[in-house]
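1. Return a 3D structure for these sequence lines:
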Amino acid sequence: MEQHRHRAVVVGAGIGGLTAALALRARGWDVTVLERAAGLTPVGAGIGLAPNALRALDVIGLGDSVRDLAAWQGDGGMRRPDGRWLARTDARAAAARFGGPLVLLHRSTLVDLLLSALPADTVRTGTAAVLADPGGAHRPALVTTPDGPHEAELVVAADGIRSAIRGTLFPAHPGPRYSGFTTWRVVVPAPAAPFAPHETWGPGRLWGSQPLKDGRVYAYAMAAAPAGAHAPDGERAALRRLFGDWHHPVPAILAAADESAVLRHDVHHLIDPLPAFHRGRTALLGDAAHAMQPTLGQGGNQAIEDAIVLAHHAGHGGPVPTALAGYTADRLPRTSALVRKAARTGRLALLSARPAVALRNTAVSAVSRFGPGLVLRGFDGIADWRPPVDAVPPRVS
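-> Sure thing, here's the model as predicted:
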């Protein structure tokens, strides 16, 4: 007799949703992914994956593929706008401390890899989903779409920072708040003159330049700005005003950027923690559960962790609501702490008053003189995370 396979519906085909689909399938679930967008071209540019996310991807057999496709971050550090180094990073020391490298690749490369590991009929695009019933101990969850309803023993809401499903589960929660910062991202051909990976902190703004494996550069910027503001003469012009006189390679990257390639997004975060990451048979994942500022580079990493931990709990064969309570217990404290830490880092990085900036720079330089261990200590408990001990599904012969 064929064993019953549980049915799950994942709402959202971003990095977290696709990872959840793969992890649940590995645990014996039949999975359908519903994506509102008509296509699967990811919005964004580069993404850094730390050892914690790579170990999570190892669970579903994709960690080594990502390591092969990505650029391994080399020695670099933190600089001032005039180019002076405030702190240097040691890639070997970081890999030794956290059990692996930090790697960088384009988001589309990661999404394509995740999609290639799923059966072709798993993801349904152009399908807006509404949670009609989160489900309970004795009834399935219900998702409705223009094509009809979907009953499922588990619904995974990976529908982003503006998650409609989160609003259905927790209507009294205030939702995402504007952080006071906006971001820009761009991918351009690498400039002719070499440079070291860096993040540069100036008064009220920062810039980062990171090489990709394919010969391009992923650059990102962040600055204090009113919510919803946009430059009347274009975002590239805005970046030139803010960063055009900064050290190499910033001017060269700006010269190579096309206006159409510059992405700008205000930074909202869930600084008010949710009461839980689940209700009934429905779980929240990634930005829908714990959107954070990008200052720790952990947003996508935490979504990948979520997916593996969720599948770990849902794969034990017990009642789904009980499994999701375990998921909340594992993920809510960790991610809430990271949301707060990312916000503190953002406030520090984007100080604007000259005395405060000078004091910050002096402190960063002083810490760096004690060696890479002290600098890296800020990522203890983050990059050294490991999946649950039995998260790896049993091999099927």
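
2. Show me the residue at the heart of this protein, geometrically.
-> Against the mean C-alpha coordinate of the chain, by Cα atoms, centre = their mean, the closest residue is residue 300 at 1.6 Å.

3. and the gap between that one and residue 93?
-> Separation of residue 300 from residue 93 (Cβ to Cβ, to the nearest Å) stands at 24 Å. Where you see a C-beta, it was placed from the backbone N, CA and C, and this is true even at glycine.

4. Likewise for residue 248?
-> Here the distance between residue 248 and residue 93 works out to 25 Å (Cβ to Cβ).

5. List the contacts of residue 169.
-> Taking Cβ atoms under 8 Å, 6 or more residues apart in numbering, we find residue 169 in contact with 131, 134, 157, 278-279, 282, 284.

6. what is the mean pLDDT for the top helix by length along the chain?
-> If you go by DSSP state H, the chain has its longest helix at helix 320-349. Averaged across helix 320-349, pLDDT comes to 97.

7. Next, the buried residues of that helix.
-> Of all the residues in helix 320-349, those buried under the rule 16 or more other Cβ atoms under 10 Å are 320-321, 323-324, 326-328, 330-332, 334-336, 338-339, 341-343, 345-346, 349.

8. For that helix, name the packing helices and strands.
-> Under the contact criterion of 3 or more Cβ pairs under 8 Å, 6 or more residues apart in numbering; DSSP states H and E, helix 320-349 touches strand 177-189, strand 263-269, strand 278-279, strand 282-284, helix 287-290, helix 299-314.

9. try 7 Å this time
-> Taking 3 or more Cβ pairs under 7 Å, 6 or more residues apart in numbering; DSSP states H and E as contact, the helices and strands that helix 320-349 lies on are strand 177-189, strand 278-279, helix 287-290, helix 299-314.

10. quick one: contacts of the last one?
-> What it means is helix 299-314. Judged by Cβ atoms under 7 Å, 6 or more residues apart in numbering, the contacts made with helix 299-314 from elsewhere in the structure are 15-16, 19-20, 23-24, 26-27, 47, 49-50, 52-53, 56-57, 59, 154, 156, 283, 285-287, 289-290, 292, 320, 323-324, 326-327, 330-331, 335, 338, 385, 387-388, 391.

11. Could you do the first one as well?
-> The set of residues external to strand 177-189 that reach it, using Cβ under 7 Å, 6+ apart, is 44-46, 106, 215-225, 227, 229, 235, 239, 253, 256-257, 261-269, 271, 293-294, 343, 346, 350.

12. count of neighbours near residue 67?
-> For residue 67, the number of neighbouring residues by other Cβ atoms under 10 Å comes to 17.

13. quick one, phi/psi of it?
-> Note on residue 67: backbone dihedrals following degrees, to the nearest 10 are phi -60, psi -40.

14. ok, it touching residue 102?
-> No. At 10.9 Å, residue 67 does not count as touching residue 102 under the criterion of Cβ atoms under 7 Å.

15. In stretch 27-39, which residues are buried?
-> Within stretch 27-39, the residues scored as buried using 16+ other Cβ under 10 Å are 27-29, 31-36.

16. Now for the residues you listed: which two are most distant?
-> With distances taken as Cβ to Cβ, the most widely separated pair in the buried residues of stretch 27-39 is 28 and 36, at 27.3 Å.

17. Quick check: beta-bridge partners of residue 85?
-> Judged by DSSP bridges, the bridge partners of residue 85 are residue 79.

18. quick one: it and residue 77 touch, right?
-> Yes. Taking Cβ under 7 Å as the contact criterion, residue 85 and residue 77 are neighbours in contact, 5.6 Å apart.
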